[in-house]
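A.B. asks: Following is a predicted model, sequence given first.
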Amino acid sequence: KNEVEQSPQNLTAQEGEFITINCSYSVGISALHWLQQHPGGGIVSLFMLSSGKKKHGRLIATINIQEKHSSLHITASHPRDSAVYICAVSFLDPIRSKLTFGTGTRLQVTL
Amino acid sequence: ETGVTQSPTHLIKTRGQQVTLRCSSQSGHNTVSWYQQALGQGPQFIFQYYREEENGRGNFPPRFSGLQFPNYSSELNVNALELDDSALYLCASSPGLPTDTQYFGPGTRLTVL
């Protein structure tokens, strides 16, 4: 069974803190996506990774293919980072670009 | 701004009715996937279209059907609505490779009474 697990489910941080959200998956993948979902529903793609590390502003995403694990880091967190962060993967699957999602990590950053 | 739009934004239907949800993708995005997101859950894959052909389907009954058009728009149709169909419906488009970035629409929130 293909599965994507995220931790923690909920996270509260104070402004300025360094945040890490973890994602693990069960079988081989072609790509892993980190997504952000704000209240109201819209999803924004933050990163797409197949190896290594990517950085965009205060966000850093890493992936370890051998360990089937990825992390999303937020440096110097800010209340506007409050959102649900979702890990999604494209398994090595006949259906191209099909994503399997984790249940998300709800992040609340307070002043 | 992802360049993917969905309509309508919100919709209320009653049990047994039929509904059509629409998605407009970026030009050149040959793949569109539809997902259902129940409250508090991650999105679940409904089906995918590639160049107007269904390219795979998740664990959803046949009353969920779709179409993709040459102008990069697509539809999700749901017949015989049930209360459990109440959810946020998301479409996502990409040029077509598994490693492509996915571009999500804002979603349509469907409420079935």
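C.D. replies: On my side now, so go ahead. Numbers count the residues shown, from 1 in each chain, chains lettered A, B, ... in the order given.
A.B. asks: Is it correct that A:V4 is in contact with A:L99?
C.D. replies: No. If you go by CB atoms under 8 Å, A:V4 and A:L99 don't touch, sitting 9.2 Å apart. No exception for glycine: its C-beta is placed from N, CA and C like everyone else's.
A.B. asks: higher neighbour count, those two?
C.D. replies: A:L99 (27 against 23; other CB atoms under 10 Å in any protein chain shown).
A.B. asks: number of nearby residues for the residue lying closest to the more buried one once chain neighbours are set aside?
C.D. replies: Nearest residue to A:L99, sequence neighbours excluded (CB to CB, 6 or more residues apart in numbering or on different chains): A:A88, at 4.2 Å. A:A88: 27 surrounding residues under other CB under 10 Å.
A.B. asks: Now A:A88: which helix or strand?
C.D. replies: In the assignment (DSSP states H and E), A:A88 maps to strand A:83-91.
A.B. asks: can you give me the mean pLDDT across that strand?
C.D. replies: The average pLDDT for strand A:83-91 rounds to 92.
A.B. asks: Next: stretch A:37-45.
C.D. replies: pLDDT averaged over stretch A:37-45 gives 84.
A.B. asks: Can you get me the start-to-end distance on that stretch?
C.D. replies: For stretch A:37-45, the separation between the terminal residues is 9 Å (CA to CA, to the nearest Å).
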